[in-house]
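Enquirer: After the sequence you'll find the predicted model.
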Amino acid sequence: MSQLVLLLLLVPLAGGLVTLFLRNSGYEFARKLALGFFLLNLFISLKLTWDYLPLLEKHSVSVDEKLTFVPLNVSVTVFDLIRFQAPQEGRPDAGAIRFFIGVDGLNLFLLPLTCILFAGSVLATWNSIREKSHLYYGLMLLLQFSTIGAFLSFDVILFYAFFELTLIPLLFLIAMWGGPNRQYAAKKLFVYTLGGGLATLLGIIGLVSSLNQNHLDDNTDLPITFSIPELITASHDTQIGLNKKVYDAKADKDLLNPLLKSNLELNKARLDYWASSQKWIFLLLATGFLVKLPAFPFHTWQPTAYYEAPTGVTLVLGGILAKLGAYGFLRLCVPLLPVPAWELGTYLFSVLAMIAILYGAACAIAQDDLKRMLTYSSFSHLGFCLLGIFALNETGLTGSYLQMINHGLNVGALFFICEILSHRYGTTKFKDLQGLGSKLKILSGISVFYVMCSVGLPGLNGFVGEVMCLFGMFESKNPNIAGKVIASICSLGMVFGAWYLISMVMKVFFGKLAEPVFKKEDSVSDLTLMEKFFLFPLAVLCLFLGIYPQPMIDTIRPEIHLIAKLNLQANNLLPVGKLDK
């Protein structure tokens, strides 16, 4: 299986490099070659998922025993990239930045989602990218390489490198093939994403440096590690050890003993220092993920970038790259720093999620253009991901993950349909597109289906994730927030979502036919065979995930249970400031 994982990463890299140098090949050959590489990677990802499922029970036991993320052993590829200290016995990760990739429940389904949407992005722009097409498709393949690399990484520096590497091809794709304001959109995207990434890098440095200190014993230092599983273990052991020392000292009846009293004060100071450090590290790490998601108030790059980017790039941006932000919270922020996630994150980010859900929906209602409306709709629906994560219970975390997958499928399909209309009519303005259902019957039918998915109609995939996110927040036991109130307010996002999406369907596909005057070589036709090849199988998948999501829930349960368990312990083991009250 490790060969498949490595191949999943190397295929888009090799394909991107080959395609970049096919300068005189013509756009037809370049797009077919890129599609071939994307479909090959899709096959590899599906094979990987199929091979993973029989090993799930054994993997679940391993995660529960080690109380940290454990990539499936047969999927791991690991070797040193930079070693600056001699390895320690039993700790090959110590003193080295390593190429450490593997598969577990948290990244398993994001891999085929990535491959599906990148293949769809080629089909979406099949007839619209003709200038410098070898560069366009080469950069798209390199973008897939960096995205998959981030999902597969179990070394925090390797994760950061891939996380930031996504910015480079994205910048050129928007700046070279975008709309009239593409240069401004690309600059704004670059500045926001780079700034957020640098904050995350500072957080990573602070985390590794802080965990290198032995907070339980001033006389020794712990080995430096960049391994995500080992960092989680070190963070957890530090928190548990400090709390245990303080609790034991407070339980001792002989506190009049000067030595015991001195030890208590020392351990309280260590615990306070570690708690304070965690909060700043947590905020730094979270900044980059909030920008990538994006979440309010770091979202202002999104409307311009999504609208000006080629729709194939927008499909990837909304469908998969935004999930890197939510994934960063699940992989790093919440399990590594459970105390600030509980004390600070739940309060702060649940409020930001609520604002994003309602503000995004209000902005979507006000739009007069399909692509802009879908941009704000994506922003609103991603707020549910953030809401579920910071419910910090299994229901909310599971809902957040399902929402990541389902939102990717739904928004990817809707942006694909947006590109179909744009290519046929040269516009996505509502005033120019009316009553198309009488002429484009199949397109209208499949569009209504995906709108219902995005609305959250029971029985379709959009319903499952959003409702579980709301239930998770409703069940939140955190005394710092009014979970029931926040969940109730956020549920209005589903109502507003139904309002603007169904209004869009009524405008564009129902009523009297009104088409814009748009001169083009071919007459306007219904869905082509290639467009059906993308939209119809995806519709079957959306229906399946809406009716029977249990296999996916069971597969991600070990990692979700781990994250919830770490935060449950943080709930019961609060810093000294809380204990004194």
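Expert: All right, it came through fine. Residues are numbered from 1 along each chain as shown.
Enquirer: Please make it C-alpha for all contacts and neighbour counts, starting now.
Expert: Noted.
Enquirer: How many residues are close by residue 83?
Expert: Residue 83 has 13 neighbouring residues, counting by other C-alpha atoms under 10 Å.
Enquirer: Check the gap between it and residue 94 for me.
Expert: Here the criterion is C-alpha to C-alpha, to the nearest Å. By it, residue 83 lies 9 Å from residue 94.
Enquirer: Over to residue 500?
Expert: Distance of residue 500 to residue 94, given as C-alpha to C-alpha: 53 Å.
Enquirer: Next, residue 512: secondary structure please.
Expert: In terms of secondary structure, residue 512 is coil; the call rests on DSSP: H, G, I helix; E, B strand; the rest coil.
Enquirer: what number of residues lie near it?
Expert: A count of nearby residues for residue 512, using other C-alpha under 10 Å, gives 13.
Enquirer: cool, residue 266 as well?
Expert: Taking other C-alpha under 10 Å as the definition, residue 266 ends up with a neighbour count of 13.
Enquirer: So it: helix, strand or coil?
Expert: Put simply, residue 266 is helix when judged by three-state DSSP.
Enquirer: For it, report the pLDDT, please.
Expert: On pLDDT, residue 266 comes in at 71.
Enquirer: mind checking how far it is from residue 473?
Expert: According to C-alpha to C-alpha, residue 266 stands 37 Å off from residue 473.
Enquirer: and if you look at residue 181?
Expert: The gap separating residue 181 from residue 473 is 39 Å, by C-alpha to C-alpha.
Enquirer: ok, now residue 301?
Expert: 28 Å.
Enquirer: Which one's more surrounded, the two?
Expert: Neighbour tally, residue 301 and residue 473, criterion other C-alpha under 10 Å: the higher count belongs to residue 473, 32 against 21.
Enquirer: can you tell me the helix or strand for that one?
Expert: For residue 473, the element it lies in under DSSP states H and E is helix 461-474.
Enquirer: now the angle from the next helix or strand after that helix to helix 461-474?
Expert: Beyond helix 461-474 in the direction of the C-terminus, DSSP H and E gives the next helix or strand as helix 483-490. Between the axes of helix 483-490 and helix 461-474, defined by axes from the mean of the first three to the mean of the last three C-alpha atoms, to 10 degrees, the angle is 150 degrees.
Enquirer: so where's the stretch 401-550 of the chain uncertain?
Expert: In the predicted model, the stretch 401-550 of the chain carries pLDDT under 70 at residues 518-522.
Enquirer: where exactly do the helices run in it?
Expert: Ranges of helices within the stretch 401-550 of the chain are 441-455, 461-474, 483-490, 492-509, 529-547, 550-572, based on DSSP state H, counting those that start in this stretch.
Enquirer: Highest mean neighbour count out of those?
Expert: When the helices of the stretch 401-550 of the chain are scored by mean count of other C-alpha atoms under 10 Å, the highest mean neighbour count falls to helix 461-474 (a mean of 27).
Enquirer: List the contacts of the residue nearest to residue 434 when sequence neighbours are not counted.
Expert: On the basis of C-alpha to C-alpha, 6 or more residues apart in numbering, the spatially nearest residue to residue 434 that is not a chain neighbour turns out to be residue 508, at 4.3 Å. The contact partners of residue 508, by C-alpha atoms under 8 Å, 6 or more residues apart in numbering, come to 430, 433-437.
Enquirer: what ranges do the helices span in the stretch 51-200 of the chain?
Expert: Taking DSSP H, counting those that start in this stretch, the helices of the stretch 51-200 of the chain run over residues 56-66, 105-108, 110-124, 133-152, 156-165, 167-177, 182-212.
Enquirer: of all those helices, which lies closest to residue 421?
Expert: Comparison of the helices of the stretch 51-200 of the chain against residue 421 by C-alpha to C-alpha identifies helix 110-124 as nearest, at 10.6 Å.
Enquirer: what's the burial count for residue 191?
Expert: In terms of burial, residue 191 registers 12 neighbours under the definition other C-alpha under 10 Å.
Enquirer: Now do it against residue 379, distance only.
Expert: Taking C-alpha to C-alpha as the measure, residue 191 falls 19 Å from residue 379.
Enquirer: Also residue 484?
Expert: Distance, residue 484 to residue 379, by C-alpha to C-alpha: 23 Å.
Enquirer: lowest-confidence helix or strand of this structure?
Expert: Across the helices and strands of the chain, mean confidence by mean pLDDT, DSSP states H and E is lowest for helix 576-579: a mean of 38.
Enquirer: what sits up against stretch 135-149?
Expert: Residues from elsewhere that reach stretch 135-149 (C-alpha under 8 Å, 6+ apart): 8-13, 15-20, 30-31, 34, 38, 101, 111, 114-115, 118, 122, 129, 159, 162-163, 165-166, 169-170, 172-173, 321, 324.
Enquirer: go again using 6 Å as the cut-off
Expert: Outside of stretch 135-149, the residues within contact range by C-alpha atoms under 6 Å, 6 or more residues apart in numbering are 9, 12-13, 16, 19-20, 162, 165-166, 169.
Enquirer: Residue 375: which of those residues is nearest?
Expert: Checking the contacts of stretch 135-149 against residue 375 with C-alpha to C-alpha, the nearest one is residue 166 at 19.7 Å.
Enquirer: how far away is the residue most central in space within the chain from residue 492?
Expert: Note on the chain: the residue nearest the mean C-alpha position is residue 323, at 1.9 Å, using C-alpha atoms, centre = their mean. Relative to residue 492, residue 323 is positioned 23 Å away (C-alpha to C-alpha).
Enquirer: For this structure, give me the ranges with low pLDDT.
Expert: 214-221, 246-264, 267, 518-522, 570-581.
Enquirer: any idea how it splits into domains?
Expert: What the record gives for the chain is the domain set 227-275, 337-581, from automatic domain parsing.
Enquirer: Out of these, which gets nearest to residue 152?
Expert: Minimum separation from residue 152 across those (C-alpha to C-alpha) falls at domain 227-275, 11.7 Å.
Enquirer: what's the straight distance from one end of the closest one to the other?
Expert: Domain 227-275 has its terminal residues 22 Å apart, counting by C-alpha to C-alpha.
Enquirer: And for stretch 331-343?
Expert: Taking C-alpha to C-alpha, the span from the opening residue of stretch 331-343 to its closing residue is 19 Å.
Enquirer: Over to stretch 542-551?
Expert: Criterion C-alpha to C-alpha; first-to-last residue distance in stretch 542-551 is 14 Å.
Enquirer: One more: stretch 104-114?
Expert: 16 Å.
Enquirer: ditto for stretch 172-187
Expert: 10 Å.
Enquirer: got the contact list for it?
Expert: Under the criterion C-alpha under 6 Å, 6+ apart, external residues in contact with stretch 172-187 comprise 171, 304-305, 308-310.
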